[in-house]
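*Asks:* requesting a structural model of the entry that follows:
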Amino acid sequence: MPGTIDLRPARPDDARRLFDWANDPETRAASFDRAAIPWPAHVAWLAAVLADPNRRLWIAEEAGVPIGQLRVDRAPDGRGVVSIGLAPGARGRGLGRTVLRMGLAAAVRELGIRRAWAVVMATNLPSRRLFEGAGFTVVDGAEIPGQPTALVLVTDAAVLAAEPD
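*Replies:* Residues are numbered from 1 along each chain as shown. Take a look at the predicted model:
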């Protein structure tokens, strides 16, 4: 049974943890770019994310222990593009949906997003189930240039604003 889940803003001192999670073999296998992320590129990416007022990166913690991250990038049209990743030890425990719902509610409050999009590999069934279970639906015919195996999933503000289960 999961413990209490909280979200907190990511900080520069989360760099190593985020780097390790991003370079986990299962994470890389489920990513569009499967190459390992170099440390200097990661540090630069994190600094850019933390400095951007249209982006939020949260660390999910279970009873004070970091278990994953959720990022939302706000587009000019008010859409939020969502990315989520759980630490290897947190996967398969039913935590993803809680983290996703909490992060989406926070993105509505903090970024004012009205819709949320997620782009996942068609073969990434756990991510697809996570997003569909949270009210996202596949956008038929949506294509990402250069990513023929991508699925675009979308949901609206009514779903986003709902409090987590």
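*Asks:* paired strands for the strand or helix carrying residue 82, with orientation please.
*Replies:* Using DSSP states H and E, the secondary-structure element containing residue 82 is strand 79-86. The partner list of strand 79-86 in its sheet, established with DSSP bridges, is strand 65-74 (antiparallel), strand 115-121 (parallel).
*Asks:* longest helix in the protein, please.
*Replies:* Longest helix in the chain by number of residues, with DSSP state H as the criterion: helix 96-111.
*Asks:* what is that one packed up against?
*Replies:* For helix 96-111, the helices and strands in contact under the criterion 3 or more CB pairs under 8 Å, 6 or more residues apart in numbering; DSSP states H and E are strand 5-9, strand 55-62, strand 65-74, strand 79-86, helix 125-133, helix 157-161. (C-beta placed from N, C-alpha, C; glycine too.)
*Asks:* still on that earlier bit, Serialize the strands paired with strand 79-86 to TSV and add fields for mean pLDDT and distance to residue 86.
*Replies:* Output for those, formatted as TSV (pLDDT from 0 to 100; distance: least, CB to CB, whole Å):
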stretch	mean pLDDT	distance to residue 86
strand 65-74	96	4
strand 115-121	86	14
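*Asks:* adding distance to residue 108 and mean neighbour count, write those strands out as TSV.
*Replies:* Written out in TSV, the entries for the strands paired with strand 79-86 read as follows (distance: least, CB to CB, whole Å; neighbours: other CB atoms under 10 Å):
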stretch	distance to residue 108	mean neighbour count
strand 65-74	9	21
strand 115-121	9	20
